[in-house]
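In: With the input below, show me the fold.
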Amino acid sequence: MVLISQSSTDSAFSVDSWTTGESSRRSSESGLGYGHDEGCFRCIATLAGHSGAVGSLAVVGGLIYSGGSDGSDIRVWRQPDLQEVCSFGTGEGAVKALLASGGLVFSAHQDMKIRVWRAAQAPDARVEPKLAATLPTMKDYLLRCVPPKNYVQVRRHKKSLWIQHNDTISVLAHGAGNVLYSGSWDKTVKVWRTSDFRCVESIVAHDDAVSALAADQEGYLYTASADATVKVWAKIGKKHSLISTLKGHKSSVNALAFSPDEKVLYSASSDKTVTVWERAKAGDEHMTMAGVLRGHRQAVLCLATVGNIVVTGSADKSIRVWRRGSDNSHTCIAVLEGHKGAVKTVVASMEAVQEGVLIYSGGIDRLVKVWYLSPKEDGFQSDVSQASPMAASPLRWRF
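Out: The predicted model follows:
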C-alpha cells in the first residue's frame with residue numbers, strides 16, 4: 001500500500017495496488033460464481049480521518065459525505081482525486097444517517113434531531129454547507145405546543161409533542177414527491193414535508209426500534225425493525241395504513257433496498273441472511289419471499305443496489321457482491337475484504353465512472369473505502385440510463 005499525504009487536509013488517501021491483501025478474495029465455496037480474473041474487483045482508495053466508526057455515507061454530485069459516530073463532524077470528499085475538501089456539523093451529536101438530494105444534505109443525529117444543510121456543488125465544494133433548518137423547526141413547535149391533543153405519552157410520567165422523536169433517529173428515506181421519512185429507536189416513523197420542513201404525520205410502526213426504511217414511486221412505505229419484521233404501509237387519505245407484514249427473518253432487520261426497477265425488495269438481517277421479496281402476483285399478500293442470500297458469517301448490517309448488482313456489508317468485516325440474473329436468481333460474484341471491523345454502511349453508484357460501478361463502504365475501523373467493479377464481470381449490467389445525468393460526462397477516474 002502506498003500512502004500519499006495530503007498537505008491540504010489532516011486526512012489521508014491511500015491507493016491500493018492490484019496485488020495487496022485488500023483486493024477481492026476469491027472463494028473456494030461451490031456455486032457462488034467465483035473464478036473470474038482478479039482484475040474485476042479491487043479497492044482503489046482508503047479515506048482516513050474520522051475518529052469514530054463511519055456509520056453513514058451519501059454520494060451525490062461528485063461528492064462523498066461520510067458521517068462518524070464520534071459526533072465530531074460530517075466529512076466531504078471530492079471525486080475523483082478523493083481529497084477531503086471540508087467538514088461540517090461539528091458538535092451536533094453522533095451522525096446516524098445521511099441523505100443527499102437536490103442540493104440539500106439531511107443528517108440524522110443521536111440527539112433526536114434532523115438537520116438540513118444547503119450544500120455547495122462541485123467544484124465549489126470547499127464551501128462549508130450551511131445549516132438551513134433543524135427538524136422539528138421552531139415554527140412547528142410554536143404552532144403545536146399549546147393544544148393538549150398534540151401531546152402523546154412516551155413514558156410513564158412523560159408526554160411529548162407528536163412531531164418530535166424521543167430516541168435516536170436511526171434512518172432517513174425519501175418518499176414520492178416532497179416527502180422525507182425518519183425512523184427512530186422510539187419505534188415511530190415521522191413524515192416530513194420538505195417544501196416547508198413541517199412534520200405532517202407520526203406512525204407508531206413497530207414493537208421495537210425502527211432500523212430501516214424504503215419508499216417506492218407508487219407511494220408505498222416499507223419499514224423494518226429490531227422486532228424482525230418488515231411492514232408495508234400505503235397512504236390512504238392523509239394517513240398511512242398498514243397493509244402487510246413480511247415475516248421471515250429470525251432476528252433484527254437492519255437494512256432495506258429496492259432493485260432499480262422496484263420489482264424486488266431486499267432485507268438484511270442480524271440472522272446473517274438477506275431475504276429477497278417480490279411483488280405478489282395474486283392474493284392478499286403485498287409481497288412474497290422469493291429467496292434468501294446466504295454467505296455472511298455474522299449479521300448483515302447494510303446493503304445497496306445498482307443495476308443488477310446487490311452489495312451487502314456485514315459484521316464479519318466483509319462485503320459481498322451479488323449479481324441478479326434475468327430470472328431473479330442471485331449469484332455471489334465477489335467477497336471484498338479490507339475493513340478491520342464490521343462494515344456499517346455501503347453505497348453503490350455509477351455516477352462517477354463511464355463503465356462499471358464504484359462501491360463505497362464505511363466501517364467500525366473508522367475508514368471509508370472505495371472499490372471498483374469492472375464491467376468485464378460476466379453478466380454485469382452497467383445501465384447508465386439509471387444513473388444521474390453526471391454519468392454522461394464521467395469524472396476522470398483512471399484504472
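In: can you list the weak-confidence ranges in the stretch 1-150 of the chain?
Out: Residue ranges of the stretch 1-150 of the chain with pLDDT under 70: 1-39, 71-72, 90-92, 121-126.
In: try 90 this time
Out: Along the stretch 1-150 of the chain, the parts satisfying pLDDT under 90 run over 1-42, 60-62, 68-73, 79-81, 86-94, 101-103, 109-111, 119-129.
In: Contact partners for residue 319?
Out: Residues in contact with residue 319 (Cβ atoms under 8 Å, 6 or more residues apart in numbering) are 311-313, 335-337, 339, 343, 346, 359, 361, 371. All C-beta spots, glycine's among them, are computed from the backbone N, C-alpha and C.
In: is it true that residue 333 touches residue 324?
Out: No. Between residue 333 and residue 324 there is no contact under Cβ atoms under 8 Å: 10.5 Å.
In: ok so, going back, just the buried ones from the contacts of residue 319?
Out: The neighbour-count criterion (16 or more other Cβ atoms under 10 Å) marks 311-313, 335-337, 339, 343, 346, 359, 361, 371 among the contacts of residue 319 as buried.
In: Looking at those, which are in strands?
Out: If you go by DSSP state E, those have 311-313, 335-337, 343, 346, 359, 361, 371 in strands.
In: Would you mind measuring from the nearest residue to residue 287 once chain neighbours are set aside to residue 214?
Out: Leaving out its chain neighbours, the residue that sits closest to residue 287 by Cβ to Cβ, 6 or more residues apart in numbering is residue 277, at 4.3 Å. With distances taken as Cβ to Cβ, to the nearest Å, residue 277 is found 11 Å from residue 214.
In: picking up where we left off before, show me which of the ones in strands among the buried ones among the contacts of residue 319 is closest to residue 259.
Out: Among these, residue 311 lies closest to residue 259 (Cβ to Cβ), at 12.3 Å.
In: Could you export the ones in strands among the buried ones among the contacts of residue 319 as TSV, including distance to residue 129?
Out: As requested, these are exported to TSV (distance: Cβ to Cβ, whole Å):
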residue	distance to residue 129
311	27
312	30
313	26
335	36
336	30
337	33
343	26
346	23
359	25
361	23
371	26
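In: which neighbours do residue 277 and residue 214 share?
Out: residue 265.
In: Now flag whichever of the contacts of residue 319 is closest to residue 150.
Out: residue 346 (38.6 Å).
In: Can you tell me what sits against stretch 269-282?
Out: Contacts of stretch 269-282 (Cβ under 8 Å, 6+ apart): 228, 230, 246, 248-254, 263-268, 286-294, 296-300, 303, 310, 312, 314, 328, 330.
In: Sorry, slip of the keys, the one I care about is stretch 141-148.
Out: 150, 161-163.
In: mind redoing it with 10 Å?
Out: Outside stretch 141-148, the residues that touch it by Cβ atoms under 10 Å, 6 or more residues apart in numbering are 136-137, 150-151, 159, 161-164, 198-199.
In: just stretch 150-165 next, same as before
Out: Contacts of stretch 150-165 (Cβ under 10 Å, 6+ apart): 108, 111-114, 135-137, 140-141, 143-145, 148-149, 166-167, 182-186, 188-190, 192, 198-202, 204, 210.
In: go with 8 Å
Out: Against stretch 150-165 from outside (Cβ under 8 Å, 6+ apart): 112-113, 136, 140-141, 144-145, 166, 182, 184, 186, 188, 190, 199, 202.
In: Just the ones in helices from those residues, please.
Out: 140-141, 144 (DSSP state H).
In: thinking again about what came up before, for the contacts of stretch 141-148, please prepare CSV with the additional fields distance to residue 127.
Out: Output for the contacts of stretch 141-148, formatted as CSV (distance: Cβ to Cβ, whole Å):
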residue, distance to residue 127
136, 27
137, 24
150, 38
151, 41
159, 42
161, 35
162, 37
163, 31
164, 31
198, 28
199, 29
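In: Need the buried ones from those residues selected in PyMOL.
Out: Typed into PyMOL, the line below selects the buried ones among the contacts of stretch 141-148, using 16+ other Cβ under 10 Å:
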select buried, resi 136+137+161+162+163+164+198+199
